[in-house]
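A.B. asks: can't give you the sequence, but here's the structure:
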């Protein structure tokens with residue numbers, strides 16, 4: 001069975017770098033028409049140029065997905081440009097400071113939850129009518145090892161990624177009879193540009209750092225993207241509600 005992306009409309013958030021960029025490029029190589037959403041205008045446009053230079057079709061939408069107006073623009077641009085919205089990849093995220101709960105201030109908590117959980121919720125809600133209209137819509141979230149355990153990040157990122165796992169399973173149950181599949185990858189350590197502004201003298205980083213010995217090798221963004229593209233593809237047509245660790249076996253330790 002093929003991947004089945006020829007001519008389909010795909011939205012990838014956080015597409016300007018790292019896992020999102022790798023996923024956007026791979027979807028385009030598989031024949032999808034890709035909307036690259038990112039907060040960084042230059043990075044988003046570079047992805048579009050790379051896809052177009054390879055003969056593909058792409059559009060960029062720039063903005064902070066915690067802004068409902070940006071969410072609406074992403075969905076409207078994809079539908080208007082491609083005629084349909086078939087796949088949504090909720091990948092954009094920010095990292096916390098590895099802060100333990102007692103050291104997590106309101107700013108850190110609210111920023112991470114807003115970008116990593118509320119924004120994917122809002123974009124998925126806006127995209128759902130269009131995904132349902134295809135009769136075969138696919139949603140893939142980038143969760144994290146921090147969504148499977150309590151020792152991979154600080155309180156805010158851990159809570160947000162556990163929330164992503166819950167949203168994935170909720171969508172799979174609620175909309176499977178209407179043709180929607182929702183799955184997530186749970187990356188381990190990956191060579192991306194995501195920033196960890198840890199405070200080395202605080203409690204959280206010291207605890208997390210002492211527990212990272214079993215994390216395994218650092219993956220490439222392309223390895224994570226391959227899992228995203230697979231879960232969105234027709235080859236995964238009976239996979240729904242899965243949280244797929246892409247972590248060199250870390251979750252098995």
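C.D. replies: Right, received. Where do you want to start? Source: prediction; values computed, not measured.
A.B. asks: Kindly confirm my reading that residue 85 is in a strand.
C.D. replies: No - secondary structure of residue 85 (DSSP: H, G, I helix; E, B strand; the rest coil): coil, not part of a strand.
A.B. asks: Can you pull the phi/psi pair for it?
C.D. replies: Backbone geometry at residue 85, expressed as degrees, to the nearest 10, gives phi -120, psi 110.
A.B. asks: mind checking how far it is from residue 6?
C.D. replies: Counting by C-beta to C-beta, to the nearest Å, the gap from residue 85 to residue 6 is 16 Å. (C-beta placed from N, C-alpha, C; glycine too.)
A.B. asks: Have a look at those two and say which one is more surrounded.
C.D. replies: Legend: neighbour count by other C-beta atoms under 10 Å for residue 85 and residue 6, higher for residue 85 (28 against 10).
A.B. asks: Contact partners for that one?
C.D. replies: Shown in contact with residue 85 (C-beta atoms under 8 Å, 6 or more residues apart in numbering): 9, 11, 75, 78-79, 127, 130-131, 134, 137.
A.B. asks: Mind doing that once more with 7 Å?
C.D. replies: Counting by C-beta atoms under 7 Å, 6 or more residues apart in numbering, residue 85 touches 9, 11, 75, 78-79, 127, 130-131.
A.B. asks: Grab the nearest non-local neighbour of it.
C.D. replies: Nearest residue to residue 85, sequence neighbours excluded (C-beta to C-beta, 6 or more residues apart in numbering): residue 130, at 3.9 Å.
A.B. asks: Same check on residue 101?
C.D. replies: Nearest residue to residue 101, sequence neighbours excluded (C-beta to C-beta, 6+ apart): residue 155, at 4.1 Å.
A.B. asks: burial count for the one you found?
C.D. replies: A total of 21 residues lie near residue 155 under the criterion other C-beta under 10 Å.
A.B. asks: and the end-to-end length of stretch 130-139?
C.D. replies: 12 Å (C-alpha to C-alpha, to the nearest Å).
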